[in-house]
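Chemist: need a structure here:
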Amino acid sequence: MGAEQQSENPGFEPVLPPGARSDPRGLIFHLAAAKWSIGTIRALVQLGVPDLLADGPATAGELAAAAGVDPSRLGRLLAAGATTGLLDEVETDRYALSPAGEGLRTGGEGRFRDVLLLLTDPMMWRPHENVAHTIRTGESAFEHIFGRHFYEHLRDDPEASAVFDRAMSQNDGPDTYELFEGLDFARYRRIADVGGGRGSFLAELLRRHPDLEGAVCDHPVAVAGAAEEFRRRGVEDRASAIETDFFEKVPGGFDAYLVKRSLQNWDDSAAVRALTRVREAIGDDRDARLLIVNHVLTRSGVPDLGKLSDIEMMVVLGGRERGWADWTRVAAEAGFAPEGEPAAGRVVLLTFRPV
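Modeler: Numbers count the residues shown, from 1 in each chain. A predicted model of the protein is given here:
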């Protein structure tokens, strides 16, 4: 079933220093200097500091010896890390992970390590150096810099592809699975995860619902590790991987078609094309449903992290985040009508029926 109409709740407020709104110069400086925090946090993760602090506090010297780096330079990095709030200086020159920093450990609670490494990777960072190029020309800054589409870059760079895959598997926390708590799995027994990569999300969904069967449907490179993932989660007898280009064909015979956090990667014409392939796969089955998990932008004037990620979609992928009117329009062009209207300013489950 679709989400019920809720009051707008963006769940995001800009984090600004005290008095920033009354100090324009200070606010601009604060925003421009965010790169200092980003560079610090990325270096801490690359050097393995969060993992080294897993067993408790340590000094800069102890951490430097374990990491094989200069203690003086690392000490300066640790002091900066404590300023970001991801480390705590528990006593002079002795550091511990803060609760927020726990997510930067390998396998740490609230896993976010690889998401951070992806978001701060040069392939994601450099396009933001030239956002104006995209605004002026319509060409993604990524293609302008790297000479090819983002996904072509991933297919030719195994290391970048591995970081991307790990980040995508970490991107789904408990809140994502909670979106499906109201779904009638007695009705939707067979689910196709369209564009689901190596099937991490589908595997966990099947693990939580033993009567459910499913298939991940994606590019051959994307689903290469799906069989291993299904075995690791113990669902290999109920899960399969189907190699396909979802812009060309989506397999039929499923009760529900899930498209999770991928349509924002594409412009409207491409999104309509992908959803049209889903509509063709559904055919005359009026009981089948299209399930979209994505952010819904808030109305004008309401703070929304999605309005910032929209810029990332535009300059890196040539895609876009969407508001409710955009989602209903794109779905309608592909042959779907909505069931219910969700709250805006968050990632939600959108349910559409074929028409």
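
Chemist: tell me where the stretch 251-355 of the chain has helices.
Modeler: In the stretch 251-355 of the chain, the segments counted as helices under DSSP state H, counting those that start in this stretch are 268-282, 305-312, 324-334.

Chemist: out of those, which one sits most buried?
Modeler: helix 268-282 (a mean of 19; mean count of other Cβ atoms under 10 Å). C-beta: built from backbone N, CA, C; applies to glycine.

Chemist: quick revisit: for L104, find the nearest of the helices of the stretch 251-355 of the chain.
Modeler: Nearest to L104 among the helices of the stretch 251-355 of the chain is helix 305-312; the distance by Cβ to Cβ comes to 19.5 Å.

Chemist: I'd like the average pLDDT over that closest one.
Modeler: What helix 305-312 shows for mean pLDDT is 95.

Chemist: host element of the nearest residue to E236 once chain neighbours are set aside?
Modeler: Take E236 and drop its neighbours on the chain: the residue closest to it by Cβ to Cβ, 6 or more residues apart in numbering is F230, 4.3 Å away. For F230, the element it lies in under DSSP states H and E is helix 226-233.

Chemist: from memory G323 sits against R299, does it?
Modeler: Yes. Applying Cβ atoms under 8 Å, one finds G323 in contact with R299, separated by 7.5 Å.

Chemist: hmm, who's touching the helix or strand just after the helix holding F230?
Modeler: As assigned by DSSP H and E, the chain's next helix or strand after helix 226-233 is strand 239-243. Outside of strand 239-243, the residues within contact range by Cβ atoms under 8 Å, 6 or more residues apart in numbering are 192, 199, 202-203, 206, 213-220, 223, 226-227, 230, 251.

Chemist: give me the buried subset of the residues you listed.
Modeler: Listed as buried from the contacts of strand 239-243 are 192, 199, 202-203, 206, 213-219, 223, 226, 230, 251; burial here means 16 or more other Cβ atoms under 10 Å.

Chemist: tell me the one of the residues you listed nearest P99?
Modeler: Nearest member of the buried ones among the contacts of strand 239-243 to P99, counting by Cβ to Cβ, is A203, at 28.4 Å.

Chemist: L77: which of the helices of the stretch 251-355 of the chain is closest?
Modeler: Taking Cβ to Cβ, helix 305-312 is the member of the helices of the stretch 251-355 of the chain nearest to L77, at 26.2 Å.
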